[in-house]
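J.: just the structure for this:
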Amino acid sequence: MLTNKHPLRLALCILAAAVICGACSKNETYAQQKEKERKAINSFLDRDIAILDNEGDTVVHVGRINTISEQQFYEHDSTTDVSKNEYVLFGNTGVYMQIVRKGAGSKLASGESKRVITRYVEFNILRDSIQSRNDVFYYHTSPDIIEIANTYGTFTASFSTENGGGAMYRIYGRTEVPAGWLVPFTYINIGRQVEADDRIAKVRLIVPHSSGTYEARQSVYPCFYELTFQQMRE
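T.: Alright, predicted model coming up:
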């Protein structure tokens, strides 16, 4: 498993792995690659998995996932029951989402834009390992900042590059925010922890290659993400 104590080495490993995966998949058709991805996601859904770091400590306990339909999701006020480990499957994108917390604050309104701090863990489902993360001390002072806008219900976003950017920009070298990351913004609140019992939004996602990073789309692999979102101070 890759260490998160050396981000540059981690970035090089990820890029090398993408090249290797791309080379290995040259003899596979796109349909075969998608079938391999589908099987990997289905297996992930049915595993009682705990994602571990290099020291063997649990980073995220995913567990065996209970999939619900969009209709069930909307019938329950656009929530997922965490006690039942529910994830809603969005049929048009193939993204699975669990809302752990809707968060303090309010939804991003149409015509509104915000700068949002996100902390994340990225787990490559096909490789069965943590691929990158910024919830570690190294990135404490340089988190990933998403500049996001809502235009009549359509969300557009990019990673900020100020001060060298966060982990996603430093590792992948792109300001593009994966489309899968934008799915939760229709349902969660964006705010800050003002009162003691305020909690910022937290979600978990399974993102197929088609809604993932450029590298995921090129090499056809799905990722699991745990993400938190917090509005930046003005």
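J.: can you show me the helices along the protein?
T.: Listed in chain order, the helices of the chain (DSSP state H) span 7-24, 30-45, 70-75, 167-172, 179-182, 214-219.
J.: what's the end-to-end length of stretch 76-88?
T.: 11 Å (Cα to Cα, to the nearest Å).
J.: identify the residues contacting that stretch?
T.: 45, 63-70, 72-73, 96-100, 102, 187, 204, 206 (Cβ atoms under 8 Å, 6 or more residues apart in numbering). In this view, the C-beta of every residue, glycine as well, is placed from N, C-alpha and C.
J.: now with 6 Å, please.
T.: For stretch 76-88, the surrounding residues in contact (Cβ atoms under 6 Å, 6 or more residues apart in numbering) are 63, 65, 66, 67, 68, 73, 96, 97, 98, 99, 100, 187.
J.: and which of the residues you listed is nearest to residue 220?
T.: Using Cβ to Cβ, residue 96 comes nearest to residue 220 of these, at 17.4 Å.
J.: setting aside sequence neighbours, what's the nearest residue to that closest one?
T.: Leaving aside its sequence neighbours, residue 96 sits nearest to residue 206 (Cβ to Cβ, 6 or more residues apart in numbering; 3.9 Å).
J.: pretty sure the one you found contacts residue 226?
T.: No: applying Cβ atoms under 6 Å, one finds residue 206 not in contact with residue 226, separated by 10.9 Å.
J.: low-confidence stretches in this structure?
T.: Per-residue confidence of the chain (counting by pLDDT under 70) places the weak regions at 1-26.
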